[in-house]
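K.L.:
How does the following fold in three dimensions:
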Amino acid sequence: MCGTQIEIDFNLRELVLPMKIKKRSICHQCDQEFERLGGIRCDGCGRSQKSIDLCEDCQKWEHQVGFVINNRSAFEYNDAMHEYMKQYKFTGDYRLRSVFTTEFEKLISKQQPDVIVPIPINKSTWQTRGFNQVTGITSNLRLIEALETINGSKETRQSKKNRAERMSSKQPFKLSGDVEITKKISHQRALIVDDVYTTGRTIYYAANLLLTLSPMSISSVTLAR
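P.N.:
Below you'll find the model as predicted:
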């Protein structure tokens, strides 16, 4: 991220035993700028708070859609994460996909999902950026791409919208036209993965579609909250 050369101090076990040395893609100083989420959090969206009770936003979601999705995130969306997303997503630096892969995939695996469904990107983004930022970070996992974007949707970046604009946005997704893919959701523990949970609008739109496929349960994991 900062261009500093990373120096690795090997321990005796790594030097003596025939094992693969894990490469670091971020220096200690940059790593310390990211705030890992822990402690007491909302039982719905995963927001840090004083109790596990549903926060005000999740109570609104429960009233609006009839359920609350259980979301867990690895990091707080602070200034460092904002700059990371800017460089990774909007500048299109694909090398940065590996910075959080290990931690993010561990959090995903901890949820014990049967199927993992990534949030898709539209054709325009594919043409300009060349990759899906979510599947880039989760490249070591088997993903079920059960969702597609609707033509003409999500043209305005979510990051450019205020809360009211996000909440009033139209359904941007549709189920995949591949019946064999959508069949894999039925009676399974489905996990939606995305990069950032802001208002929850994107996650709930995705969840509403997946619910029509009769999964056993639906939850979500995002890199940042």
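K.L.:
Next secondary structure element downstream of the lowest-mean-pLDDT helix or strand in the chain?
P.N.:
The weakest-scoring helix or strand in the chain, judged by mean pLDDT, DSSP states H and E, is helix 163-167 (a mean of 69). Where DSSP states H and E defines the elements, the next helix or strand beyond helix 163-167 is strand 173-175.
K.L.:
what comes up buried for the helix or strand following that next one?
P.N.:
Along the chain past strand 173-175, the next helix or strand (assigned with DSSP H and E) turns out to be helix 179-183. Neighbour-count burial for helix 179-183 flags Ile181, Thr182 (criterion: 16 or more other Cβ atoms under 10 Å). In this view, the C-beta of every residue, glycine as well, is placed from N, C-alpha and C.
K.L.:
just stretch 81-91 next, same as before
P.N.:
Met81, Tyr84, Met85, Tyr88, Lys89.
K.L.:
between those residues, which is nearest Thr4?
P.N.:
Among the buried residues of stretch 81-91, Tyr84 lies closest to Thr4 (Cβ to Cβ), at 15.4 Å.
K.L.:
Give me the helices and strands touching whichever strand or helix holds the closest one, please.
P.N.:
Assigned by DSSP H and E, Tyr84 belongs to helix 79-85. Packed against helix 79-85, as judged by 3 or more Cβ pairs under 8 Å, 6 or more residues apart in numbering; DSSP states H and E, are no other helices or strands.
K.L.:
what's the helix or strand following it in contact with?
P.N.:
Using DSSP H and E, the helix or strand that follows helix 79-85 towards the C-terminus is helix 101-110. Helix 101-110 has contacts (Cβ atoms under 8 Å, 6 or more residues apart in numbering) with 22, 36, 72-74, 116, 137-141, 191, 193, 221, 223.
K.L.:
Just the C-alphas of the helix holding Tyr84, formatted as PDB.
P.N.:
Extracted in PDB, the C-alpha atoms of helix 79-85 (Å, rounded to 0.1, in the frame of the first residue of the first chain):
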ATOM      1  CA  ASP A  79     -10.100   6.400   7.000                       C
ATOM      2  CA  ALA A  80      -7.600   3.700   6.300                       C
ATOM      3  CA  MET A  81     -10.200   1.400   4.900                       C
ATOM      4  CA  HIS A  82     -11.700   4.200   2.800                       C
ATOM      5  CA  GLU A  83      -8.300   4.800   1.200                       C
ATOM      6  CA  TYR A  84      -7.800   1.100   0.700                       C
ATOM      7  CA  MET A  85     -11.200   0.800  -1.100                       C
END
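K.L.:
tell me the mean pLDDT for that helix?
P.N.:
For helix 79-85, mean pLDDT rounds to 97.
K.L.:
where exactly do the strands run in the protein?
P.N.:
Remark: strands assigned in the chain by DSSP state E are 70-75, 115-118, 147-149, 173-175, 189-196, 217-224.
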